[in-house]
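here is a sequence with its predicted model. Questions after.
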Protein chains: 2
Amino acid sequence: MNRVLRLQVPIRIAAAASAVGYEEFRGPLGEKFDFHDDSDRFGESTFERAEGEIGHIALNLALKKAGLSHTEIDLLFAGDLQNQCVASSGGLLSFGIPYIGLYGACSTLGEGLFSAALALSGATALSRVAVVTTSHNSAAERQFRLPLEYGGQRTPTAQWTATAGGAFLLDREKQGVLITHVMAGRILDYGIRDPANMGAAMAPAAADSILTYLEKTRTAPEDYDAIVTGDLGREGSALLSELLLKHSVRLNNHSDCGSMLYYEKKQDSHAGGSGCGCSAAVLAAHFLPLLQGGALRRMLLIPTGALMSPSSIAQGGSIAGIAPVVCLEVL
Amino acid sequence: MNRVLRLQVPIRIAAAASAVGYEEFRGPLGEKFDFHDDSDRFGESTFERAEGEIGHIALNLALKKAGLSHTEIDLLFAGDLQNQCVASSGGLLSFGIPYIGLYGACSTLGEGLFSAALALSGATALSRVAVVTTSHNSAAERQFRLPLEYGGQRTPTAQWTATAGGAFLLDREKQGVLITHVMAGRILDYGIRDPANMGAAMAPAAADSILTYLEKTRTAPEDYDAIVTGDLGREGSALLSELLLKHSVRLNNHSDCGSMLYYEKKQDSHAGGSGCGCSAAVLAAHFLPLLQGGALRRMLLIPTGALMSPSSIAQGGSIAGIAPVVCLEVL
């Protein structure tokens, strides 16, 4: 089984943009996002439609940064957390770009960058491919957990679904921030049954992916300027460290997008942020500029996903995790 | 915008297998399916988990036909209709194959073949890629429409979600049934709001994809031995004919997997079958053997999807359609 795929032609992230809601703008990275809406509504009448609009705005801003029209994008990979991914299909419909829908829970950005990079490698007729992922706190909370009006107390391990999204335009140019390697994740189920502890469900998959990636590429953590997980949060990040230590691997350069998005105490964000839009917005607004500016030369991005549904939980099912890997380098 | 992608190296469908439930086995194609379970339970305690088992059985059977172990499959694209695609992630977890989840409603098979073919084209390190899609009538009906115990009367345009699944193993061998061209679909919304008339929601997307594909490849319907839509059903197929006739295109070689799966009167199937597993099982059990046997040399497969969720319908949203295209040829 071949796990790590070295791209024959590295794929460039030509442009990216982010859009976020109120809490994300108030957080430590607030000023870095391209767009925010304090109302969390983004001009729409429902939170579900608002999530679609987040993706729409992010893709429009990425196109603007690149000086491109939507008609110059040949293919779009997109996904979100809503049932049947209607935020993506509804919000991005009007672009008219050929569309492939993805579902990898909060790891969807990883699936998108993986699929888009392979598509550009495999089909020279494709010039540019876009990846868009989104999430919305209010849409997700009432779908996965409880009615918003209920105002239920959250447990310390609970994460806060980010009202956020990111859009990425990929092409085959050879200079800039390049995707050089990708690896799909394996689904791992460690029997976690608490939907308010997704960090624990995802940490084993993240550990498995990091260990496999390092082994297959014969690299060490120190070979990367940053190893960035998607949204393990504080709970999941601590578990990741524990799991890696059992294999004598210590990450001195680990960051987690979910742990970076909110102030821990001031925003009462418990274990941190999550959602398909979390790693997308943090990559677009924080890590890509660091790569572009030369502060980082080589990083691993490992978006993490908790694979479950309200009905699978109600039926006593456990929550599996998955964690694809994307290697970004500046050349 | 480049739409039709001609694969630089055609990708072979090396093996395929299907698994179905009671109604599908009673239908006109019944004897052709590799596996059926009269109980619709597939050994599981819930219909939701049964759907996962359908995919598991189909992939196991496809591996057996090809004489391969699951460890020889490098990548798996899979999807279903359940919220958060838990049938795929849960049912296929134990294989341990690196996994990318897809969501394209009933068009998911098209997204899967599209993505798998491009991945094999783009990464020579990949030797074999699998595609699995499933659906289950009882899981889908109670998720999308009404409790099963309610026994509500169905309208004439309603389709019957197939309890079915198919698995496909793809590689780069040059002889056999090959995928030579793929085209992703555009999302089209014609304002249909009736979840019991998905044929009407999907027909415009199917017409758009067929017209675009024929135009871009400068081919005519007669250049194909069969043009096969996924699951427009009888209602959607009639609308497709109408829409194509407006462009002076007449298909004399059109079949629809949804219209083929059940006896119209004897099984009271109304407008026909639907679901991610419908086109997958019919392709695996009916069309692939026709291609392998030489009765068909070149066909277009156009799986069709209706993009909606129970909450988007409840909030007054309309149902968009999508229809990717896969060209299969025997060389």
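Received it, and whenever you're ready, just let me know what you need.

the stretch 1-150 of chain A: helices as residue ranges?
For the stretch 1-150 of chain A, the helices defined by DSSP state H, counting those that start in this stretch occupy A:22-26, A:47-66, A:86-92, A:108-122, A:137-140.

redo those as CSV? Include distance to B:G79 and mean neighbour count.
The C-beta positions use only the backbone N, C-alpha and C, and glycine is treated the same way. Output for those, formatted as CSV (distance: least, C-beta to C-beta, whole Å; neighbours: other C-beta atoms under 10 Å in any protein chain shown):
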stretch, distance to B:G79, mean neighbour count
helix A:22-26, 29, 20
helix A:47-66, 20, 24
helix A:86-92, 14, 30
helix A:108-122, 11, 29
helix A:137-140, 20, 24
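
quick check: the most centrally placed residue in chain A vs A:Y103, distance?
Residue closest to the average C-alpha location in chain A (C-alpha atoms, centre = their mean): A:S279, at 3.4 Å. Per C-beta to C-beta, to the nearest Å, A:S279 is found 15 Å from A:Y103.

ok, A:D256 next?
22 Å.

out of those two, which sits in the more crowded spot?
Between A:D256 and A:Y103, counted using other C-beta atoms under 10 Å in any protein chain shown, A:Y103 has the larger neighbour count: 31 against 27.

surely that one meets B:D80?
No - judged on C-beta atoms under 8 Å, A:Y103 makes no contact with B:D80 at a distance of 9.5 Å.

kindly provide the distance from the residue of chain A positioned farthest from its centre to A:S45.
In chain A, counting by C-alpha atoms, centre = their mean, A:Y150 sits farthest out from the average C-alpha position, at 28.3 Å. As judged by C-beta to C-beta, A:Y150 and A:S45 stand 22 Å apart.

check A:P221 too.
From A:P221 to A:S45 the distance is 47 Å (C-beta to C-beta).

between these two, who's got more neighbours?
The residue with more neighbours, out of A:P221 and A:S45, is A:P221; 17 against 10, by other C-beta under 10 Å.

now that one. Nearest residue, chain neighbours left out?
Leaving aside its sequence neighbours, A:P221 sits nearest to A:L251 (C-beta to C-beta, 6 or more residues apart in numbering or on different chains; 5.0 Å).

that neighbour touches A:S241, doesn't it?
Yes - judged on C-beta under 8 Å, A:L251 makes contact with A:S241 at a distance of 7.1 Å.

just want to know which of these two has more residues nearby.
A:L251 (19 against 16).

per-residue pLDDT, the more buried one?
Listed pLDDT for A:L251 reads 97.

how about it, what does it touch?
Contact partners of A:L251, counting by C-beta atoms under 8 Å, 6 or more residues apart in numbering or on different chains, are A:I210, A:P221, A:I227, A:L240, A:S241, A:L244.

ok so it is a strand residue?
No - using DSSP: H, G, I helix; E, B strand; the rest coil, the assignment for A:L251 is coil, not a strand.

how near is it to chain B?
22 Å (C-beta to the nearest C-beta, to the nearest Å).

next: A:N60.
16 Å.

who are the neighbours in contact with that residue?
So A:N60 contacts A:A17 (C-beta under 8 Å, 6+ apart).

where along the stretch 201-331 of chain A do the helices fall?
Remark: helices assigned in the stretch 201-331 of chain A by DSSP H, counting those that start in this stretch are A:233-245, A:257-260, A:276-282, A:288-293, A:310-314.

pick the most buried one from those helices.
helix A:276-282 (a mean of 37; mean count of other C-beta atoms under 10 Å in any protein chain shown).

what's the distance between it and the middle of its chain?
4 Å (C-alpha atoms, centre = their mean, to the nearest Å).

can you list contacts of that helix?
A:18-20, A:24, A:29, A:33, A:54, A:58, A:79-81, A:105-106, A:108-110, A:132-136, A:161-168, A:228, A:230-231, A:257-258, A:260-261, A:301, A:303.

elements contacting the lowest-mean-pLDDT helix or strand in chain A?
Lowest on mean pLDDT, DSSP states H and E among the helices and strands of chain A sits helix A:310-314, with a mean of 92. The contact analysis (3 or more C-beta pairs under 8 Å, 6 or more residues apart in numbering or on different chains; DSSP states H and E) places helix A:310-314 against helix B:86-92.

close to chain A, is the helix it packs on?
Yes - with C-beta under 8 Å from any C-beta of the partner chain as the measure, helix B:86-92 is seen reaching chain A through B:V86, B:S89, B:G90, B:L92.

how close does the nearest residue in space to A:A66 that is not next to it in sequence sit to chain B?
Nearest non-adjacent residue to A:A66, counting by C-beta to C-beta, 6+ apart: A:A15, 3.8 Å away. Using C-beta to the nearest C-beta, A:A15 is found at 18 Å from chain B.

ditto for A:A117
From A:A117 to chain B the distance is 8 Å (C-beta to the nearest C-beta).

would you agree that residue is in contact with A:L7?
Yes - contact criterion C-beta under 8 Å: A:A117 and A:L7 qualify, at 5.9 Å.

mutual contacts of these two, please.
A:I179, A:V182, B:G122.

which residue in those has the weakest pLDDT?
B:G122 (90).

wait, it sits on A:F114?
No - B:G122 is beyond contact range of A:F114, at 10.6 Å (criterion: C-beta under 8 Å).

and A:D34, what does it touch?
Applying C-beta under 8 Å, 6+ apart, the residues contacting A:D34 are A:A17, A:S18, A:A19, A:A58, A:L61, A:A284, A:A285.

can you read off the backbone torsions of A:L146?
phi -130, psi 160 (degrees, to the nearest 10).

can you tell me the residue of the stretch 151-300 of chain A closest to chain B?
For the stretch 151-300 of chain A, the residue closest to chain B is A:A184, as judged by C-beta to the nearest C-beta, at 3.5 Å.

nearest spatial neighbour of that residue, skipping sequence neighbours?
B:P98 (3.5 Å).

just the pLDDT for the one you found.
98.

and A:C327, by the same measure?
A:C327 is given a pLDDT of 98.

ok, it touching A:H181?
Yes - contact criterion C-beta under 8 Å: A:C327 and A:H181 qualify, at 4.0 Å.

neighbour count: the two, which is higher?
Between A:C327 and A:H181, counting by other C-beta under 10 Å, A:C327 is the more crowded of the two (23 against 20).

got the CA coordinates for stretch A:276-287 in CSV?
Output of stretch A:276-287 as CSV, limited to C-alpha atoms (Å, rounded to 0.1, in the frame of the first residue of the first chain):
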residue,chain,number,x,y,z
CYS,A,276,-14.4,22.4,8.3
GLY,A,277,-13.7,26.1,8.2
CYS,A,278,-11.3,26.2,11.1
SER,A,279,-8.2,24.9,9.5
ALA,A,280,-9.2,26.5,6.2
ALA,A,281,-9.4,30.0,7.6
VAL,A,282,-6.3,29.6,9.8
LEU,A,283,-4.3,28.2,6.8
ALA,A,284,-5.4,31.0,4.5
ALA,A,285,-5.0,33.9,7.0
HIS,A,286,-2.1,32.8,9.2
PHE,A,287,0.1,30.0,7.8
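
give me the mean pLDDT for that stretch.
98.

brilliant, that's me finished.
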